[in-house]
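# Need the 3D shape of this:
(one chain, ligands or ions: 2)
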Amino acid sequence: MRRLRGRLLQPLVQENFISKADLVAPLFVDETADNPLPIASMPGQFRYPAGGLVQAVQGLRVKGIPAILLFGIPAHKNPGATEAFNPSGIVQQAVRSIKAAVPDMVIITDVCACEYTDHGHCGIIATGPHGPDLDNDRSLELMAEIAVSHARAGADIVAPSCMLDGMVAAVRTALDDAGYTDTAIMSYSTKFDSALYGPFREAADSGFAFGDRSTYQINPANGREAVRESELDALEGADILMVKPAGFYLDLVAAIRGYGLPIAAYQVSGEYAMIKAAAGQGWINEKKVVMESLLCIKRAGADLIITYFAGDAAGWIDEEQ
Ligand code: PBG
Ligand code: ZN
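Ligands and ions are numbered 1, 2, ... in the order given. This is a model prediction of the structure:
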């Protein structure tokens with residue numbers, strides 16, 4: 001094996017590469033912020049006010065990042081998450097201003113209610129036999145409404161993340177009925193009930209007032225169920241499937257490539273925080289660990305990588321060329 005590991009020949013046989021063209025940067029836009037607010041558990045990440053957001057997007061585009069994934073934090077939350085589909089809501093406004101200022105940036109919007117409900121769950125709550133829980137079908141109507149409002153504002157791709165049954169079909173039908181047949185759907189198809197979302201819930205102010213998300217997100221113990229969940233989203237019309245988190249779940253990235261759809265992997269807030277914390281202590285080499293993590297996500301079979309390291313990685317990719 002070592003014949004091909006020599007300095008001269010090794011690059012010739014390298015199987016996988018990270019390209020800036022595959023990277024998606026998640027960004028938070030906060031209706032209540034006047035200045036970029038640092039997120040304590042995610043050093044280097046901010047909640048941007050609408051204006052600052054456009055600047056940040058411009059910066060990422062200049063670095064060669066082709067796409068962003070947008071999350072909104074509204075000034076007002078309520079049980080029906082009505083700010084989520086407000087035509088002049090924070091995400092809808094942000095999408096319009098980014099499209100105007102940086103037209104060649106692909107805009108993906110997270111379609112969910114957890115930042116907009118006062119209870120912090122991903123849809124409408126109803127009391128069932130086991131107490132309060134997400135009401136699947138009423139929440140589907142909400143997701144459809146949110147997705148159409150994002151498409152109307154100019155989103156290129158909507159990304160439903162609520163893990164409701166039928167969410168992709170509901171969003172596809174609503175988009176088509178409203179005339180947005182070209183708006184693509186990136187489904188959070190393979191989303192686990194992971195403890196790695198902790199820092200995000202601080203960042204997006206989407207922690208829940210009761211219960212947890214285990215009645216709608218996938219049990220991390222279940223691989224076959226995750227494959228079936230992904231298959232259903234493919235059949236419902238998803239254009240891109242997503243595995244989330246990424247690093248602990250690469251077996252699923254490999255498993256769901258069979259549907260022929262592009263696969264996205266989301267390196268989530270907890271994965272970012274772990275690397276940042278260890279690097280901050282000087283215990284690991286940040287650049288090397290980040291690039292290794294991204295390369296391994298690629299090797300598992302991801303076409304797109306959603307990562308808070310997108311901007312930094314773009315710089316490191318440039319250095320190596
Ligand atoms: C909303 C949503 C979450 C994340 C993305 N979309 C949080 C959750 O499901 O609680 C997590 C992203 C991250 O941790 O970086 N449903
Ligand atoms: Zn949610």
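# Do any residues in the top helix by length along the chain lie close to ligand 1?
Identified as the longest helix of the chain according to DSSP state H is helix 136-153. No - judged by CB under 6 Å from any ligand atom, helix 136-153 stays clear of ligand 1, getting no closer than 11.0 Å. In this view, the C-beta of every residue, glycine as well, is placed from N, C-alpha and C.
# So which elements touch that helix?
helix 90-101, strand 106-111, strand 157-160, helix 167-177 (3 or more CB pairs under 8 Å, 6 or more residues apart in numbering; DSSP states H and E).
# Return the set of buried residues in that helix.
Residues of helix 136-153 classed as buried by neighbour count (16 or more other CB atoms under 10 Å): 136, 139-140, 142-153.
# what is the nearest residue to residue 125 once chain neighbours are set aside paired to in the beta sheet?
Using CB to CB, 6 or more residues apart in numbering and skipping the chain neighbours, the partner closest in space to residue 125 is residue 132 (5.1 Å). Taking DSSP bridges as the rule, residue 132 bridges to residue 127.
# Please verify my assumption that residue 301 contacts residue 249.
No - using CB atoms under 8 Å, residue 301 is not in contact with residue 249, being 11.9 Å away.
# which one of these two has more residues nearby?
The residue with more neighbours, out of residue 301 and residue 249, is residue 249; 25 against 18, by other CB atoms under 10 Å.
# Distance check, the more buried one against residue 45.
Using CB to CB, to the nearest Å, residue 249 is found at 22 Å from residue 45.
# Could you tell me which residues of the chain lie near ligand 2?
Within the chain, the positions near ligand 2 by CB under 5 Å from the ion are 112, 114, 122.
# Contacts only, for the closest residue to the second one other than its chain neighbours.
Beyond its immediate neighbours in the sequence, the residue positioned closest to residue 114 (CB to CB, 6+ apart) is residue 206, lying 4.1 Å away. Contacts for residue 206 were tallied using CB atoms under 8 Å, 6 or more residues apart in numbering; they are 114-115, 120, 200.
# which of those residues lies closest to ligand 2?
residue 114 (3.2 Å; CB to the ion).
# Could you report the pLDDT at the residue nearest to residue 150 when sequence neighbours are not counted?
Closest residue in space to residue 150, ignoring its immediate chain neighbours: residue 109 at 4.3 Å, by CB to CB, 6+ apart. According to the predicted model, the pLDDT of residue 109 comes to 98.
# now the helices for the stretch 201-321 of the chain?
In the stretch 201-321 of the chain, the helices defined using DSSP state H, counting those that start in this stretch lie at 223-236, 250-255, 269-280, 286-300, 310-320.
# and the ones you listed as JSON lines, adding mean pLDDT?
Shown next, in JSON lines, are the helices of the stretch 201-321 of the chain (pLDDT from 0 to 100):
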{"stretch": "helix 223-236", "mean pLDDT": "98"}
{"stretch": "helix 250-255", "mean pLDDT": "98"}
{"stretch": "helix 269-280", "mean pLDDT": "98"}
{"stretch": "helix 286-300", "mean pLDDT": "98"}
{"stretch": "helix 310-320", "mean pLDDT": "96"}
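# out of those, which comes closest to residue 86?
Closest approach to residue 86 among the helices of the stretch 201-321 of the chain (CB to CB): helix 269-280, 25.7 Å.
# That closest one versus helix 286-300: what angle between them?
150 degrees (axes from the mean of the first three to the mean of the last three CA atoms, to 10 degrees).
# Quick one: residues in contact with helix 269-280.
41-45, 194-200, 203, 245-247, 284-286, 289-290, 293, 307-309.
# Can you sort out which of those also neighbour ligand 1?
197, 200.
# Filter the contacts of helix 269-280 down to just the ones in strands.
residue 307 (DSSP state E).
# Quick one: buried ones out of the contacts of helix 269-280?
Using 16+ other CB under 10 Å, the buried members of the contacts of helix 269-280 are 41-42, 45, 194, 196-197, 199-200, 203, 245-247, 284, 286, 289-290, 293, 307-309.
# show me what contacts the residue nearest to residue 125?
125-126, 210-211.
# hang on, the earlier thing: can I get the helices of the stretch 201-321 of the chain in TSV with distance to residue 74?
As requested, these are exported to TSV (distance: least, CB to CB, whole Å):
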stretch	distance to residue 74
helix 223-236	27
helix 250-255	32
helix 269-280	19
helix 286-300	31
helix 310-320	25
